[in-house]
Every structure is written in structure tokens, then in C-alpha cells.
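Participant: When you get a sec, could you give me coordinates for this:
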Amino acid sequence: MFRISRKGDYGLLLLTSLAKIGVGNVVPLRKLAHTLRMPFKFVSQIAPLLVEAEILGSKEGVGGGYFLARDPRSIGIGEVLELLEGPVAPVACMREGCVCEPACVQKSVMERMASSFQRSMRGYTVADLIGKA
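Facilitator: Numbers count the residues shown, from 1 in each chain. Coordinates of the predicted model:
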């Protein structure tokens, strides 16, 4: 069964919290981590990935922190999860390579499942998570 890791879960939680505060409103990451009961060290590894993808913005110095850089309606859940989790792969060999490939009867079905799941995830945004779609 497909399972979102803690990294993906925390990333979405971080985004939904910032979306509730509003686009462009800066919040210190330590405060967010404390409020959301997430380990600061772990969240501080996730936030820069979201900045690099231009989903979050950051401000350094006094009054610094992170802010939502885009409208929550334009941030796809699939985009975020693929960024933090990697591509959807129902079976490990889709990520790592398959030693059974010449005899594998599952590959085409698993690829179609992954594609279907990706399309489904693209249909939801951070705005859906906070009820403002």
C-alpha cells in the first residue's frame, strides 16, 4: 500500500499551516515546528527543499522565517509529495530497478497504477487541505 512518509506528512502540514496564515506572511520555522509539534531539526531539512521549488519563500535576519510563496490553489499535493517523497512507485523495483524484469508480469499494471495515482494527486491542492478550494 502506498504510504506517505513522515517527511511528506510534515511537508504538507507545514504548507497547510502557512496557507492558513496567508501568502507572504513570515513565520519563524522554530515557532511553526513548536506549534505543530514537529522536530525542528527535521523540519529545517524540509523547508529549504520547498524554497528551492519556489513553493515557500524565506526571509533571513530579525523577523525572518518562512512564508508561502504561492497561492494555496496553485500548490498541488502531487507536486509536493513527488518533491519530498520521489516518484510514485507501488513496488520497490520501480525505483531501484527490477532483477526479474524479463519475466515480470506486474510491471505494466504497476506503471498504470502509479500513473493513475499521480493523476489523482494532481487533482488536489493545499487549498483543498485547508478547505479553501
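Participant: quick one: the strands in this protein?
Facilitator: Taking DSSP state E, the strands of the chain run over residues 56-59, 65-68.
Participant: who does the last one touch, helix- and strand-wise?
Facilitator: The one in question is strand 65-68. If you count contacts as 3 or more Cβ pairs under 8 Å, 6 or more residues apart in numbering; DSSP states H and E, strand 65-68 packs onto helix 6-21, helix 29-36, helix 40-52, strand 56-59. For every residue, glycine as well, the C-beta is placed using N, CA and C.
Participant: Give me the residues contacting that strand.
Facilitator: Here strand 65-68 makes contact (Cβ atoms under 8 Å, 6 or more residues apart in numbering) with 14-15, 18-19, 21-29, 31-32, 47, 50-51, 55-59, 75.
Participant: Can I get that strand in PDB? Just the C-alpha atoms.
Facilitator: Extracted C-alpha coordinates of strand 65-68, given in PDB (Å, rounded to 0.1, in the frame of the first residue of the first chain):
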ATOM      1  CA  GLY A  65      11.300  32.900   8.800                       C
ATOM      2  CA  TYR A  66       9.400  31.200   6.000                       C
ATOM      3  CA  PHE A  67       6.300  32.100   4.100                       C
ATOM      4  CA  LEU A  68       4.000  30.600   1.500                       C
END
